Each structure stands twice: as C-alpha cells, then as structure tokens.
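1. okay, predicted coordinates and the sequence, questions at the end:
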Amino acid sequence: MSGREGEKAGDRDGYKKGEREMRLVNNFFGEFGGRYVAEILNPPLEELKREFLKAMEDDEFKSEFESVSAEYTGRPTPLLFAENTTRMLGGGRIFIKLEGLANTGAHKINNVLGQLLLAKRMGKRRIIAETGAGQHGLATAALSAKFGFKCRVYMGKVDIERQRPNVFWMELYGAEVVPVEGVSGTLKDAVNEALRDWASSFEDTHYLLGSALGPSPYPDMVREFQSVIGKETKKQMEERGEKIEALVACVGGGSNSIGFFYPWLSYPWPSSKTPRLIGVEAGGSGDNIGEHAARMSGSGRPGIVHGYKSLFLLDDDGQVTPTHSVSAGLDYPGIGPQLAQLGKDGRIEFTKASDEEALTAVKTFAKNEGIVFALESAHAGAAALKLAPQLPKDRAIVINMSGRGDKDLFILAERMDRDNWHKFLRSIV
C-alpha cells in the first residue's frame, strides 16, 4: 500500500492557470483523498494522471469532448422552471436541471465520455467499469460501442436483480456484464472486482471509474468532466436573471453533486457561503446499521477503502457496515474525498431523505411537472420540497435531476401499484 506521494511542501497537482477550487496537494483534498493501492497499480495511475493533466491543456482534446457532448450526449441539457410545484408550495422558485435528458438517461455519460477520450489517447483497447444503479455501466457500454472498445461491466448480483432493464441495454450494446457476489452483492463489491481485473490487465485496459472517488487522480478527473453540469446551470440561471439561494443534489459517491456545485467552489469561499450547496444522502428506512447510507449526515467515520481516504460507514473494528437505500445508486458506504472535506469545512450542507420521502418526491414531480425523477435524484427533490416553502418568492432553488426514472420501473411499480403490476407480469410469463 502507498500513502501520500510527493511530500515536498507545496507540491500541487494542477492543469490550468488561475484560481481553482480547493487544489489537490500531494493527491489530497485537505485531510481526504490520496492513493492507497497495491504497488502494481501505481504505474497505470501515474500514466492516467499524466495524460489527464496534458489533456486539460490540449485544445484538440477539449474540442472533441465538446463536439461529442453536443452531437451525441445532447448538451446543453435543459433547465426547467417547475412552475406548478412552485405555485403549490408558495415559496422560492424551483428549477430543475434535466440531466436525465442526456443520452443514456443520466449525468454519468459526461464522465464516461471524458475518460473514454483519455483511453483512446493512451492507446487502450479494452474498458472495464463498475456500476450500481446501472447508469454508469449503461453509458460506458454505449460509448464503448460508439468508439469501438471491448467493454466489461462489473455489477453486484443484488443490483442486477433490481436494475434488470439496464442490464438488458448494456448487453444490447455489446458489453459483458459480470455479476459479483461479494459480501453485499452491490456497488462496493463491484468496485473490488474491477480493481482486481485492472491490476492484471492495465497494459491494454482502462478502468473507467464512475464516481468522484477512488485513488487519485479519479476524484479530480471525474469532477472536471462532470463540471459541465454546474457551468451550464450557472449560465442558464444568469440568462434568466434568477437569484440562486440554494443548489440541491443527491450524493452517493458524489459525481453529480461535485460537478453541479463546481462553479461555486472557489476557495476560500465567501463567509456568506452563498449560494447554499446542499447534498442529500440516502436516509433509507431507519437510523440503525444497515438501514441507510448516510455518511455525512449520519455516522460516517474516517477510513481507507477502495484506494482512498474519506468518511465511510464503519463498525468499531473498522469494517464496512451494510447499507440500504431504495435507490441502487445511493447505497455506497463512502463518499468522494473532496465532498468529505467540503462538508467538514462547512461549505456543503448535508442532509438525508428517507425511502418514503424519495418516493413521494417522484409522485409529486410526475403529477405536477410531467417528469419522472430517478430514485437517486428524487432524494434531492425531496429535500427541495421541504426547503422551497421557507424561501422568499424572489429566490430560486435548483435541483439537479441527475437521472430519469425509466430504470426504476420495476421498483416504482412494485411500491406504487403492486397488484396491477403483478397481474401484468403474470400475463406475460
């Protein structure tokens, strides 16, 4: 295992001129981050870091990213004024950033595109990835097909069972979906398997990690590719002349939230901490161990898991505890290191929403606005429904709808219309 690298005082990672948010120092964001991996993985991680830093200064790379984002991903994604919900609540104006309208149905494709272009730049021929809710795996499979990469996606057995539609689409794109048993059969175990694969195949393989976590440079890299969300949102709100009081995003590992919050992360930030940045974790079904996945708003402890230091749900012996969420994408036991540091420093507020609150938010926005939130994004929607009535009518709250709810059909139908759903399933068997 290796810890901090480059102990020279003031040693910084950087790839563009001018002030940027909370710079990496020796691969760390303050207290959290780093690179704790087997020695065999240090060379590919250094190669990835080197090529990433070069790419961020390369106009040709950035131009290709922007071109494919526009023509294939469908950027910029729309910003919707939730007029009916705003009127119903009688408080601040609610806006929704519709990342669910990006190709493949979620924000995940932004990071996938950036990393695949890096893989092409490095001459890799094979892509491996992990996935929880399936949206990262789906985006990876789709873009691998477009760019001609072989693709393998590791997915927990439990997640495969509850996100079967995404498995079908991944396989249709030509990806090999590998079920992972592990301890929990969820995202944590899928990450472990992907890392094991990469350790023996990195010469021709790129590990396309899906969230802003893992060993450096992944947290920095994923945030940069997802920052397109926040940059678009800031521009769209300025064009409308809206005063943003708060931005709200769900937080699993943290890729959608750190990308969404990006333009407001200048460091040091104003003492007023405006606008408020609110991260919403999975409150699950209760406060006991195994009933939720609330790290920052619950009982997260410092630890080292999956090659980085952050806050995790750990027992007294330092072992990862079980988690739960109705959403497959929010039950990861840890959180990205930059988010952990920003939470510790007080720039990001963390709260949680329960399974039932998330389901209520899905219904509310479906009936009021004609859009269906993914269950992950619905956690942010639930927090916004509580906050909006407390705000003045001339202030705005923006929700990042990180994905749409098509993938959750089997879960939503089971929870909301069980009898008719079962009747339909029996009719087609």
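-> Arrived safely.

2. next, give phi and psi for residue 393.
-> Phi and psi for residue 393, reported as degrees, to the nearest 10, are phi -70, psi -20.

3. what pLDDT is listed against the nearest residue to residue 222 once chain neighbours are set aside?
-> The spatially closest residue to residue 222, leaving aside those adjacent along the chain, is residue 212, at 4.3 Å (CB to CB, 6 or more residues apart in numbering). Using the backbone N, CA and C atoms, a C-beta is placed for each residue, glycine as well. pLDDT recorded at residue 212 is 96.

4. ok, residue 212 touching residue 339?
-> Yes. Residue 212 is within contact range of residue 339, at 7.2 Å (criterion: CB atoms under 8 Å).

5. looking at the two, which one has more neighbours?
-> The residue with the greater number of neighbours, taking residue 212 and residue 339 and applying other CB atoms under 10 Å, is residue 339; the counts read 31 against 28.

6. contact partners for that one?
-> The contact partners of residue 339, by CB atoms under 8 Å, 6 or more residues apart in numbering, come to 212, 251, 254, 257, 258, 279, 296, 348.

7. and it, that's in a helix?
-> Yes. Under DSSP: H, G, I helix; E, B strand; the rest coil, residue 339 sits within a helix.

8. which SSE is residue 212 in?
-> Assigning secondary structure by DSSP states H and E places residue 212 outside every helix and strand.

9. do the one 10 residues further on as well
-> Residue 222 belongs to helix 218-240 when assigned by DSSP H and E.

10. give the other helices and strands that that helix contacts.
-> For helix 218-240, the elements it packs on are helix 42-55, strand 79-81, strand 93-98, helix 108-122, helix 255-261, helix 337-345, strand 396-401, judged by 3 or more CB pairs under 8 Å, 6 or more residues apart in numbering; DSSP states H and E.

11. switch the cut-off to 7 Å
-> Contacting helix 218-240 under the criterion 3 or more CB pairs under 7 Å, 6 or more residues apart in numbering; DSSP states H and E are the following elements: helix 108-122, helix 255-261, helix 337-345, strand 396-401.

12. tell me the angle the first one makes with helix 218-240.
-> Helix 108-122 runs at 130 degrees relative to helix 218-240, counting by axes from the mean of the first three to the mean of the last three CA atoms, to 10 degrees.

13. and the angle from the next helix or strand after helix 108-122 to helix 108-122?
-> Sequence-wise, the next helix or strand beyond helix 108-122 is strand 126-131, with elements assigned using DSSP H and E. In terms of direction (the same axes, to 10 degrees), strand 126-131 departs from helix 108-122 by 160 degrees.

14. next structured bit after strand 126-131?
-> As assigned by DSSP H and E, the chain's next helix or strand after strand 126-131 is helix 135-147.

15. what about that following helix, average pLDDT?
-> If you average the pLDDT values across helix 135-147, you get 97.

16. so can I have JSON lines of the helices and strands packed on helix 218-240 showing distance to residue 227 and mean pLDDT?
-> Written out in JSON lines, the entries for the helices and strands packed on helix 218-240 read as follows (distance: least, CB to CB, whole Å; pLDDT from 0 to 100):
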{"stretch": "helix 108-122", "distance to residue 227": "9", "mean pLDDT": "98"}
{"stretch": "helix 255-261", "distance to residue 227": "5", "mean pLDDT": "98"}
{"stretch": "helix 337-345", "distance to residue 227": "12", "mean pLDDT": "95"}
{"stretch": "strand 396-401", "distance to residue 227": "12", "mean pLDDT": "98"}
